[in-house]
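> Next come a sequence and a model predicted from it.
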Amino acid sequence: MQVILAASGGGSWGTMTEDCRRVLENASCIIGAQRLLEGLAETYTKNRVSATRPGEILEVIQSHGEGCVVLYSGDTGFYSGTRSLIPLLENKGISYTVFPGVSSVQLLSAALGTPWQDWLLCSAHGVDCNPVGAVMQGKPVFFLTGGELDPAELCRQLTEAGLHEISVVVGENLSYPQQRIRRGTAGEFAKEKFDSLSVLLAEPAPAVTRRASGFADSLFTRGEVPMTKQEVRAAVMAKLAPNPNDILWDVGAGTGSVSIELALAASWGRTYAIECNEKACELIRVNREKLGAWNLKLIKGTAPQVLDGLEIPDAVFIGGTKGSMEKVVNLVLNRNSKARICISAICIETLYQAVNVLQNRGIQPEVTQISISHGKAAGSLHLLMANNPIFLIAGNCDG
């Protein structure tokens with residue numbers, strides 16, 4: 001049995017390739033979404049079956065036999081149902097041939113006169129989409145939209161993250177006579193309405209140059225709020241080892257120096273900075289925008305009270321809890337027993353408490369003491385000026 005998987009193109013039937021037209025003319029059964037079947041020429045077979053789920057399509061193919069053409073919109077290689085159907089066909093030993101089509105990416109690129117080879121391609125059509133994380137990757141981002149995640153909603157999420165001035169383009173009804181290209185900002189388009197057949201192109205978010213963990217202290221606006229210094233921050237990042245999609249917490253965030261490094265390292269995820277001091281919260285807001293940590297969310301309040309509604313963390317840094325360390329650690333581990341935890345301590349009493357809290361949860365803590373001295377000129381000589389030693393107590397951080 002031979003099955004054809006064909007793409008109708010990214011818009012009007014005028015974008016359909018000649019190969020696709022030919023296989024449709026020779027088909028004895030055409031399978032696809034109802035809207036695609038209704039738009040087919042009368043010259044094609046009347047034996048048309050509306051089906052979109054891979055299992056349903058497979059059943060139709062098996063019952064009908066030779067001569068089936070499965071018709072998809074857009075291109076077969078761009079967020080197409082072919083990805084789910086092909087493994088089923090291969091499992092049943094059914095051979096197939098794929099005919100690609102013109103995608104909405106190509107149509108928008110052509111309309112703008114701009115190559116799409118450097119665009120980051122994302123789908124917001126029936127799948128979870130993270131527009132803030134996408135625009136933080138340093139490339140223009142093409143969004144295939146649909147359903148509730150239309151261009152306006154994607155722009156609303158960008159605006160909510162502080163990216164209201166980011167430049168965007170919306171392509172409506174691409175390749176149709178009523179095609180329209182609209183340019184503006186995320187803030188402007190968050191309030192607009194767009195046709196259901198729309199795509200969005202967003203420029204990359206403003207960001208500092210990416211570098212290794214342990215940003216220079218001078219990059220942060222500090223004020224009078226204590227800040228985790230560069231060398232300690234680098235060690236914290238090594239302990240927590242954030243992955244790109246991680247959900248991260250920074251409890252007692254201070255200036256946000258650790259929060260921001262976590263957020264930039266896990267740019268496809270989300271990081272929560274928990275802080276109760278208003279001056280510190282203002283510094284976090286300033287540093288978040290200054291360094292482009294757009295996926296960082298500030299939670300003003302005291303832990304553990306404000307932690308309940310947050311997403312389950314993959315890793316947590318605890319820089320201060322105002323006496324609630326045990327409650328915070330237990331809350332974290334109750335929500336995710338495998339969460340990576342790193343606690344910083346200056347006092348021996350805090351070190352003792354952190355070790356006990358982790359041991360009481362069956363976790364063998366790894367204790368590291370960091371002593372840092374910086375050179376300071378004294379006339380023609382240089383002296384080493386010591387900072388306070390810092391203890392890092394890590395749990396579940398053994399890889």
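Sure, I can see it. Residues are numbered from 1 along each chain as shown.
> per-residue confidence for S103?
Note for S103: predicted pLDDT of 93.
> what's the answer for the one 3 residues further on, then?
In the predicted model, Q106 carries a pLDDT score of 95.
> Just the CA trace of the helix or strand hosting it, in PDB.
Assigning secondary structure by DSSP states H and E places Q106 in helix 104-112. Only the C-alpha atoms of helix 104-112 are listed here, as PDB (Å, rounded to 0.1, in the frame of the first residue of the first chain):
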ATOM      1  CA  SER A 104       3.400  30.800   6.100                       C
ATOM      2  CA  VAL A 105       7.000  31.400   7.000                       C
ATOM      3  CA  GLN A 106       8.000  31.700   3.400                       C
ATOM      4  CA  LEU A 107       4.900  33.800   2.500                       C
ATOM      5  CA  LEU A 108       5.600  36.400   5.300                       C
ATOM      6  CA  SER A 109       9.300  36.400   4.300                       C
ATOM      7  CA  ALA A 110       8.400  37.100   0.700                       C
ATOM      8  CA  ALA A 111       5.900  39.800   1.600                       C
ATOM      9  CA  LEU A 112       8.500  41.600   3.700                       C
END
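> buried sites along that helix?
S104, V105, Q106, L107, L108, S109 (16 or more other CB atoms under 10 Å). C-beta coordinates here come from the backbone N, C-alpha and C atoms, glycine included.
> Show me what counts as buried in the next helix or strand after it.
Downstream of helix 104-112, the next assigned helix or strand under DSSP H and E is strand 120-125. Across strand 120-125, burial judged by 16+ other CB under 10 Å covers C122, S123, A124, H125.
> gap between D150 and L291?
30 Å (CB to CB, to the nearest Å).
> Now for the residue nearest the centre of the chain: which residues touch it?
Geometric centre of the chain, nearest residue: W268, 3.2 Å, by CA atoms, centre = their mean. Each residue near W268 by CB atoms under 8 Å, 6 or more residues apart in numbering is listed here: N130, G133, A134, P244, N245.
> Just give me the neighbour total for G81.
A total of 18 residues lie near G81 under the criterion other CB atoms under 10 Å.
> List the residues that contact it.
Shown in contact with G81 (CB under 8 Å, 6+ apart): T52, P54, I57, Y72.
> In helices, which of the residues you listed fall?
With helices defined by DSSP state H, the entries of these inside them are P54, I57.
> re earlier: quick one: the buried residues of helix 104-112 as TSV, columns for distance to L163 too.
TSV is the format used below for these (distance: CB to CB, whole Å):
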residue	distance to L163
S104	23
V105	22
Q106	27
L107	26
L108	20
S109	23
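> closest to A345 among those residues?
The shortest approach to A345 among the buried residues of helix 104-112 belongs to V105, at 51.2 Å (CB to CB).
> how close does the closest one sit to R21?
Distance, V105 to R21, by CB to CB: 22 Å.
> Same check on L351?
Distance from L351 to R21, by CB to CB: 73 Å.
> what do you get for K376?
K376 is 78 Å from R21, by CB to CB.
> and what of G269?
45 Å.
> re the thing from before, let's verify the residue nearest to the centre of the chain: helix, strand, or coil?
coil (DSSP: H, G, I helix; E, B strand; the rest coil).
> before we move on, back to that, between K376 and R21, which has more neighbouring residues?
R21 (17 against 10).
> Confirm that one sits in a helix?
Yes. Counting by three-state DSSP, R21 is located in a helix.
> hmm, back to that, quick one: contacts of the helix holding Q106?
10-11, 15, 74-75, 78, 115-116, 119, 121, 142, 144, 169, 171, 174-175, 179, 181, 199, 201.
> For the contacts of G81, work out which two are farthest apart.
Top of the distance list for the contacts of G81 (CB to CB): P54 and Y72, 11.6 Å.
> between these two, which one's more packed in?
Set side by side, P54 and Y72 show more neighbours around Y72, with 26 against 18, by other CB under 10 Å.
> Test for you: state the pLDDT assigned to that one.
93.
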